[in-house]
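Enquirer: got a predicted model here, sequence first, then my questions.
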Amino acid sequence: MNTRAALLAGLFASVMATASCGESVFRVPAEPSGPSSLSDLLLPRLSGSWGGTLALTGIAGGTGPARAAGAVECVGAAFDEVVGEINDHTLSITQASSELTAKLVSTTTGLACDYKGRLGAGNTFVLHAERCTQVTLAFLCPDGRTRELDLVGSSVTATFDDPINPRTIQGTAAHTYNVEEGGNPLGALVANHSFPGLTRR
């Protein structure tokens, strides 16, 4: 009897030692380490260089409705004369998950803005300028005086055609300019543009 008791005690001790060295059957399993529900693999691939044309569709702001009465009316008139004008642009996008950084450059004027933004719902994204180039545009008014325009801000609202592998981007861009005369601020102007289809370059 003592031998049998000793055998059972030894067997019990051996099982307990094995259990204590191995994984506990009562341990809560670890969280899965696979991709999240919003996997980067399922996000649209927008990184890269895009190119196409932007068309001036109209202006608003300081030279807007009352162009004949304001101090910057000649600038408004000059923009009115070129509504519909088309210029080539490049849009360079860097993507980190749903966050975007971008640079939009006019190949005609050299004006450029650096943007930050993010993806939205329904194949959309929005960008807001962090910094724009300090290139001054000069306008000569009929009265002989000069107006200077400095690009100080911009925003881009866009949609794209495919939820994973976009081929075209379309939308609008609004550029904000400060209007000055000899360094003295006179007002502001917002030039609105549309782009029907930027494609990969």
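Expert: Great, that's in hand.

Enquirer: what sits against His128?
Expert: Neighbouring residues of His128 by C-beta atoms under 8 Å, 6 or more residues apart in numbering: Tyr115, Lys116, Gly117, Ser154, Ser155. Where you see a C-beta, it was placed from the backbone N, CA and C, and this is true even at glycine.

Enquirer: what about the strands in this protein?
Expert: Counting by DSSP state E, the segments of the chain that form strands are 48-61, 86-96, 99-106, 112-120, 124-132, 136-140, 146-160, 168-181, 184-200.

Enquirer: as TSV, the ones you listed with distance to Asp40 would be great.
Expert: Shown next, in TSV, are the strands of the chain (distance: least, C-beta to C-beta, whole Å):
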stretch	distance to Asp40
strand 48-61	16
strand 86-96	9
strand 99-106	11
strand 112-120	11
strand 124-132	15
strand 136-140	40
strand 146-160	17
strand 168-181	20
strand 184-200	20
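
Enquirer: nearest to Ala77 among these would be which one?
Expert: Shortest distance between Ala77 and those, using C-beta to C-beta, is found for strand 136-140: 9.2 Å.

Enquirer: local confidence estimate at the residue lying closest to Phe139 once chain neighbours are set aside?
Expert: Distances taken as C-beta to C-beta, 6 or more residues apart in numbering place Arg147 nearest to Phe139, at 4.5 Å, with adjacent residues excluded. pLDDT, Arg147: 87.

Enquirer: so which of the strands of the chain is nearest Asp80?
Expert: Of the strands of the chain, nearest to Asp80 by C-beta to C-beta is strand 48-61, at 7.3 Å.

Enquirer: sketch out the low-pLDDT regions of the chain for me.
Expert: 1-38, 61-73 (pLDDT under 70).

Enquirer: switch to 50 and redo it
Expert: 5-9, 11-29, 31-37, 63-71 (pLDDT under 50).

Enquirer: in TSV: the contacts of His128, plus distance to Pro142 and neighbour count.
Expert: Listed next are these as TSV, based on distance: C-beta to C-beta, whole Å; neighbours: other C-beta atoms under 10 Å:
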residue	distance to Pro142	neighbour count
Tyr115	36	24
Lys116	40	13
Gly117	40	21
Ser154	29	25
Ser155	32	17
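
Enquirer: quickly note the distance from the residue nearest to Ala158 when sequence neighbours are not counted to Thr157.
Expert: In this structure, Ala158 finds its nearest non-sequential neighbour in Gly171, 3.3 Å apart by C-beta to C-beta, 6+ apart. Distance, Gly171 to Thr157, by C-beta to C-beta, to the nearest Å: 5 Å.

Enquirer: much appreciated, bye for now.
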